[in-house]
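K.L.:
Got a sequence here, can you model it:
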Amino acid sequence: MDSDSASSLSSTYSFFHEKPQGDLGLGFLRAPEKPISRPPSSQEVIYSQASPNANFKAEPVNVDGCTLLKGRVSTKDVFGMSDSDLVPGKYEGGLKLWEGSLDLVKTLNKEIKEKKLSFAGKRVLELGCGHGLPGIFAISQGAAAVHFQDFNAEVLQHLTIPNVKANTQQMAISSEKCNSETELRYFAGDWSDVHCVLPHVLPEDNGGQTVEGTFGYDIILMAETVYSISSLPSLYKLVKKCTSSPHGVVYVSAKKHYFGVGGGSRQFVSMVEKDGVFGAVLVAEVADGSSNVREVWKLHFK
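P.N.:
Coordinates of the predicted model:
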């Protein structure tokens, strides 16, 4: 969703303390489910590798009274192909501002106001970041470290890093409570192996069990990452490798169901509940008529 339609976000936004019963909606992604090529190697993308793009333009988007900047670049400029939501194995939609990203920022803001969440001094990881708006919001709330991950290094170079730069410059000008010492890092790669380059992960020899201590991220943020049912296991394994125990939390913003690719928030939460490591609480539901019903879930260690 582009910022032109962002204003519709406030149409119907309901918050929950318990998991409601309820049923299905449909969303659309124009893509087959399985990758068509080998994913790129995981790597850290450093700030100096950002690619100047004369066509990069940042415009404001208001999310529940919080103004962030949204960069705009095209898949033609970055990948040399016509605009597309998704080309599995090559481009995973990172240049588009998806609705769930704004839903997540709004939910995080409400959680903070209700004193259920604090970013101050925390290590934060945004998976499938694209524009990085949830991570940028975490910077504005005083996070000690915010690390951004996307499938494509090109998305980080052409969009995420310039967008983070534009937003942090705006924060400094407007005197927001931005932590100027926030550690900002960027990582590209597939969820199956990007943990190899992330700095805060659980030890490899822990047998898959949770480990208490200084390992992991305090808060993991994900928006529209659960669209493909085939990628859910690797995404969930990554979440378990990266979430700090016992107090780490994960926020997942997504559509209930994604037509044609089989994924969705309910598929992901079902997998989480069967595994038994995390509890899952539905904290927000969005039904604005512009798409399938969308949800924000919070995962916590049992």
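
K.L.:
Flag the shaky bits of the stretch 101-250 of the chain, pLDDT-wise.
P.N.:
By pLDDT under 70, the low-scoring segments of the stretch 101-250 of the chain are 174-180, 205-214.

K.L.:
what ranges do the strands span in it?
P.N.:
123-127, 145-150, 183-188, 219-223, 249-255 (DSSP state E, counting those that start in this stretch).

K.L.:
Kindly state which of those strands is positioned closest to residue 98.
P.N.:
Among these, the nearest to residue 98 by C-beta to C-beta is strand 219-223 (6.3 Å). The C-beta positions use only the backbone N, C-alpha and C, and glycine is treated the same way.

K.L.:
How far does the closest one sit from its chain's centre?
P.N.:
5 Å (C-alpha atoms, centre = their mean, to the nearest Å).

K.L.:
Report all helices and strands that that strand contacts.
P.N.:
Here strand 219-223 touches helix 99-113, strand 123-127, helix 133-140, helix 232-242, strand 249-255, going by 3 or more C-beta pairs under 8 Å, 6 or more residues apart in numbering; DSSP states H and E.

K.L.:
could I get the strands of the stretch 101-250 of the chain as TSV with distance to residue 287 and mean neighbour count?
P.N.:
Putting the strands of the stretch 101-250 of the chain into TSV (distance: least, C-beta to C-beta, whole Å; neighbours: other C-beta atoms under 10 Å) gives the following:
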stretch	distance to residue 287	mean neighbour count
strand 123-127	25	27
strand 145-150	28	27
strand 183-188	34	20
strand 219-223	17	27
strand 249-255	11	26
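
K.L.:
The ones you listed: which one's closest to residue 76?
P.N.:
Residue 76 lies closest, by C-beta to C-beta, to one member of those: strand 145-150, at 18.5 Å.

K.L.:
how about the CA coordinates for that closest one, as PDB?
P.N.:
Coordinates of the C-alpha atoms in strand 145-150 are reproduced here as PDB (Å, rounded to 0.1, in the frame of the first residue of the first chain):
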ATOM      1  CA  ALA A 145      20.200  -1.000  18.500                       C
ATOM      2  CA  VAL A 146      18.000  -1.500  15.500                       C
ATOM      3  CA  HIS A 147      19.000  -4.000  12.900                       C
ATOM      4  CA  PHE A 148      17.100  -4.200   9.600                       C
ATOM      5  CA  GLN A 149      16.800  -7.400   7.500                       C
ATOM      6  CA  ASP A 150      15.500  -7.800   3.900                       C
END
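
K.L.:
Packing partners of it?
P.N.:
strand 123-127, helix 133-140, strand 183-188.
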